[in-house]
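Colleague: Okay, predicted coordinates and the sequence, questions at the end:
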Amino acid sequence: MNPSIIGQMAVSGALMGLVYALIAYGFQLTYATSKSINFGQGELVMISAFFSLTLTNLGLPYWAMVPGGLLFGAVMGLVVERAGVRLALEQKSEGWILLTIIIGLFFFSTAENIWGRDDRPFPTPISADPIHIFGVDVTRLELAVAVGVLGIMGLIELFKRRTLLGKAFEAVSADRDAAELMGISATRTVMLSYGLSGAVAALAGILVSPITTVGPTMASAIILKAFSVAVVAGLDSGFGVVLIGMFLGALESLSSFYLGSGWREAPGLILLILALAVRPTGVFGKAVIRKV
Amino acid sequence: MFRPSVYGSLLFAALGLHAGDTVKIALTGPFSGGSAPMGTSARDGSKLAIAEINAAGGIQVGGKKMKIEIIERDDEAKNERGALIAQELAAMGDLTGVIGTVNTGVCMAGDKHLQEKGITKIICPAAGSKSMTQWSEAGVKDCSIFRFAAYDGIQAAMVVEEATNRKFTKVAVIYDSTNYGISGRNDMLDQIKKQGNKLTVVAEEKFNIGDKDMTAQLLRAKSAGAQAILIWAIGPELAAISNGEAKIGMKAPLIGGWTLSMSNYIDNAGKNGNGTLMPQTFIEDPITPKAKAFINGYHLTFKVGRIPSAVAAAQGYDAVYLLAAAVKQAGSTDTRKVKLALEDLKEPVQGVIATWNHPYTKWDPADVTTHEAFRREQVVMGMVKDGRVVFGNEADRARLIKSATSATPAKVKAKTKAK
């Protein structure tokens, strides 16, 4: 067993794991305020990536394309909230599960019709040449993923803790009814969380596309892993998803190296089952005392 | 799914072109998805030839000139869709021939329906050996399936030769888990043995369609000391391999099946694709007046600056001319008579790849090359360079010019050369 290979596999896996973490974080944002998640989040990642690609092809520089893409993601997040979640929540039904899946399928067909079914390269000014750090090769692209993921999560966490709007967000997460009594509009806060979640999904798409290419099915594999990360980490710990995301990513690449590429997903799934059996609220989740 | 052009041809039919007035040729292949560059190029190459023939009044069939009518079907590279389409085509009754299919798995799933009804099909450009050897394995006495592509047997031999010529001794064999990938791996391993085991396979790795992260496979190849990667797969995953190599600082060049010339490999791999080698039957380089006219015609008609898969396009083009020559010689649109004519083409057919002189002979289950048009002489090594495929060895340019301008030697029946 060569330590530099273990290091290489673990590091490149962990960096990809950060993308799972970012998407899982998008689940957490909406779950915190509304106890609902967007099952079409993968399609949101994909359609935002396509939109950003179109912006790039229109000649927009990278720094202008990224905010454009994020804005598009946020708007799409709001669309999901308005069309799929709000009515269901008002009626206290679980209809959002089906509705968000359907909206996701709608995004999928839209993307197929506008952009076609082929995988395309996503140009980026960030070089894909490897740099050598502590005996491990990483590309600037992968580092950009790490910086982008940790950066946006840090910003959102700061926003939640330091601004009035952010505190409202936290208040609704803590107790929706009490927050409403304090004059905070829960509906607006849920909208905000879906907008943020959409922007986060768009960033995930923009960061991962240069590595994996853009295509209608680009997120279908990633999204399942993001679900696993969210469930294993628990749906209310931002720090937890980063840790579990990196762990799962590293575990995947190590197992594909040592057990063969066919077994890539197996340890992650075992981990998921174990987590559900032993700690259903997630490793970093808070135990919920449900008043009956 | 019906495409607009199918509606167009249906409309055409409704406007009074009765059966019997046209030569019906079906073009099939994946026009969407990862194999689409090959499928659309083959289709569009064929359409270019059909447009030329129709513009000249059509094919002389018996006493009258008949135009070609196109029936177009997208198999989406899915085996089950391919089988459905083959059943539909087999049931048509007045079909003269089928040209197409990119994916070996689709051939395996669908061609039996055409073979049962004796419908003449020219496989173009699926290269997997299995799609022809299945008929000899089944001991079929009378085969209506032909191939117009450099089959994997030839390609694998060239790939192994190239690696040996470039003085590599340790190679990794990497392939995808489809019928195409596995049969390509077997061909390459066979060839390594046949060519005297000059190459040592230090790693054998596979991956699935849709995989993006090849780090594990490549690291294993790298740590085993592979100097080159012999590979059999389809465009997008091939690109993931090249990009993965760049990531871990690996320099082993890719040598593999002709799919390495697909636009979705070249574009997605970018500069990491430079130096990749693959067998080609046609290089998008106007080396002859005919090639120049074909390339310009394709660019203008389909509004592209580069043919997505030049090999598939050129093969699709020549396949139509072969089928048209067979229809003319048979003096009939009956698919069985066309098959007999195709097995015994009296006059050389001028194509863009070569002048085809008696490319097929009567089917012999013991020798699939009776229904294979290509031989080693018509295939060269191509190399990716800055987003295009160029000649891998400059000497090949002269060879291709020669083969394109002078007639290929007539096929001798019952050749002893094993596949």
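Modeller: Everything's here; your move. Numbers count the residues shown, from 1 in each chain, chains lettered A, B, ... in the order given.
Colleague: Report the residue ranges of every domain in chain B.
Modeller: Listed by automatic domain parsing, the domain ranges of chain B are B:4-150+B:283-374, B:153-280.
Colleague: among these, where is the model least confident on average?
Modeller: The weakest mean pLDDT among the domains of chain B belongs to domain B:4-150+B:283-374, with a mean of 87.
Colleague: wait, does that one contact chain A?
Modeller: Yes: using C-beta under 8 Å from any C-beta of the partner chain, domain B:4-150+B:283-374 reaches chain A at B:Ser32, B:Gly33, B:Gly34, B:Ala36. Heads up, the C-betas are built off the backbone N, CA and C, glycines and all.
Colleague: shouldn't the second one be in contact with A:Asp119?
Modeller: No: taking C-beta atoms under 8 Å as the contact criterion, B:Gly33 and A:Asp119 are not neighbours in contact, 9.1 Å apart.
Colleague: ok, back up a step: quick one: which of the residues of domain B:4-150+B:283-374 next to chain A is nearest chain A?
Modeller: B:Ser32 (4.5 Å; C-beta to the nearest C-beta).
Colleague: Now do the same contact list for B:Asp267.
Modeller: Counting by C-beta atoms under 8 Å, 6 or more residues apart in numbering or on different chains, B:Asp267 touches A:Arg120, A:Pro121, B:Ala239, B:Gly387.
Colleague: so can I have CSV of the residues you listed showing neighbour count and secondary structure?
Modeller: CSV is the format used below for the contacts of B:Asp267 (neighbours: other C-beta atoms under 10 Å in any protein chain shown; DSSP: H, G, I helix; E, B strand; the rest coil):
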residue, neighbour count, secondary structure
A:Arg120, 20, strand
A:Pro121, 19, coil
B:Ala239, 27, helix
B:Gly387, 14, coil
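Colleague: For A:Ile184, which non-adjacent residue is spatially closest?
Modeller: Counting by C-beta to C-beta, 6 or more residues apart in numbering or on different chains, A:Ile184 lies nearest to A:Ala168, which is 4.7 Å off, once chain neighbours are set aside.
Colleague: which secondary structure elements does the helix or strand containing the one you found contact?
Modeller: According to DSSP states H and E, A:Ala168 maps onto helix A:164-174. Counting contacts by 3 or more C-beta pairs under 8 Å, 6 or more residues apart in numbering or on different chains; DSSP states H and E, helix A:164-174 packs against helix A:3-34, helix A:140-162, helix A:176-181, helix A:186-212.
Colleague: Tell me the first helix or strand C-terminal of the longest one.
Modeller: For helix A:3-34, the following helix or strand on the C-terminal side (DSSP H and E) is helix A:41-57.
Colleague: what's the angle from that next one to helix A:186-212?
Modeller: For helix A:41-57 against helix A:186-212, the angle by axes from the mean of the first three to the mean of the last three C-alpha atoms, to 10 degrees is 60 degrees.
Colleague: Using CSV, write out every CA atom in helix A:41-57.
Modeller: Listed next in CSV are the C-alpha coordinates belonging to helix A:41-57 (Å, rounded to 0.1, in the frame of the first residue of the first chain):
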residue,chain,number,x,y,z
GLN,A,41,-32.5,19.7,-6.7
GLY,A,42,-30.3,17.7,-9.1
GLU,A,43,-32.2,19.2,-12.1
LEU,A,44,-31.8,22.6,-10.5
VAL,A,45,-28.0,22.0,-10.5
MET,A,46,-28.1,20.8,-14.1
ILE,A,47,-30.3,23.6,-15.6
SER,A,48,-28.3,26.3,-13.8
ALA,A,49,-25.1,24.8,-15.2
PHE,A,50,-26.6,24.9,-18.7
PHE,A,51,-27.8,28.5,-18.2
SER,A,52,-24.3,29.5,-17.1
LEU,A,53,-22.8,27.7,-20.1
THR,A,54,-25.1,29.7,-22.3
LEU,A,55,-24.0,32.9,-20.6
THR,A,56,-20.3,31.9,-21.2
ASN,A,57,-21.1,31.1,-24.8
